[in-house]
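S.K.: The following comprises the amino acid sequence and a computationally predicted model.
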Amino acid sequence: GAGVSQSPSNKVTEKGKDVELRCDPISGHTALYWYRQSLGQGLEFLIYFQGNSAPDKSGLPSDRFSAERTGGSVSTLTIQRTQQEDSAVYLCASSPQGRTDTQYFGPGTRLTVL
Amino acid sequence: QKEVEQNSGPLSVPEGAIASLNCTYSDRGSQSFFWYRQYSGKSPELIMSIYSNGDKEDGRFTAQLNKASQYVSLLIRDSQPSDSATYLCAVGGNNRLAFGKGNQVVVIP
């Protein structure tokens, strides 16, 4: 079946602009996660959605970052007033009901802030 | 805050040899452990999960877990050039994965 998909695959933006990154999880997966991978760094947890519950936003690095998940499926990560340090690969993952530790990653969006 | 450490530098192994990767973690209460493989420019791919002390084998891969020592390792037997990648150790819990920075493995034909 189809895996996690993300769009766009690459995004180049200017400092100060807003960007939206999209994630389509695996069909039927109830949990969705956003991570960030900066050059030379490990993956950093950003946010977790589980069904219709309130998301766990504890990993978001600043209030410029927000995310929503509509209808329990597609998610959008929004970064407002982008900064150069936001440049990274943003990875989305999903997992099935009751298996939150088993996460399947999408191909990522490479964000470059000039 | 969970910490996951992968301290070894790049690992070069000849084709057919065993590659050994190590990982330590800080949260003694952690219960689930994973190894992901990440090819350059690609997303992480889950290759092994382990939950109990001891060894778990899957094909050429063996994961080893020692909760008392807070240590998890990955062995790759009969290494192939296609195993050349970065290997990420991850520890589960609190509805997220905490990742180490990864170890690069280069298999030399």
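M.R.: Nice, thanks for sending it over.
S.K.: List the residues that contact the closest residue in space to A:K15 that isn't next to it in sequence.
M.R.: Nearest in space to A:K15, with sequence neighbours left out and distances taken as C-beta to C-beta, 6 or more residues apart in numbering or on different chains, is A:V113 at 5.6 Å. Every C-beta, even on glycine, is put in place using the N, C-alpha and C of the backbone. For A:V113, the contacting residues are A:T13, A:E14, A:K15, A:T82, A:Q83, A:Q84, A:E85, A:D86, A:S87, taking C-beta atoms under 8 Å, 6 or more residues apart in numbering or on different chains as the criterion.
S.K.: any idea how far A:V113 is from B:A17?
M.R.: For A:V113, the distance to B:A17 under the criterion C-beta to C-beta, to the nearest Å works out to 42 Å.
S.K.: show me where pLDDT drops low in the chain?
M.R.: With no chain named, the answer covers chain A. By pLDDT under 70, the weakly predicted segments of chain A are A:1.
S.K.: actually it's chain B I care about, not the one you picked
M.R.: B:1.
S.K.: same thing but at 80, please
M.R.: The model of chain B has pLDDT under 80 over residues B:1-2, B:7-8.
S.K.: Can you pull the residues of it lying near chain A?
M.R.: Taking C-beta under 8 Å from any C-beta of the partner chain as the criterion, the neighbours of chain A within chain B are B:4, B:32, B:34, B:36, B:42-46, B:49, B:88, B:90, B:92-93, B:95-102.
S.K.: Can you select the buried ones from these in PyMOL?
M.R.: Restricted to the buried members of these, where burial is judged by 16 or more other C-beta atoms under 10 Å in any protein chain shown, the PyMOL selection command reads as follows:
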select buried, chain B and resi 4+32+34+36+43+44+46+49+88+90+92+93+95+96+97+98+99+100+102
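S.K.: thinking again about what came up before, show me the two of the contacts of A:V113 that sit farthest apart.
M.R.: The distance between the two most remote of the contacts of A:V113 (C-beta to C-beta) is 14.5 Å, for A:E14 and A:E85.
S.K.: A:G40 contacts B:K101, correct?
M.R.: Yes - distance between A:G40 and B:K101: 7.4 Å, which falls inside the contact criterion (C-beta atoms under 8 Å).
S.K.: Any of the contacts of A:V113 buried? List them.
M.R.: Buried members of the contacts of A:V113, scored by 16+ other C-beta under 10 Å, are A:T13, A:T82, A:D86, A:S87.
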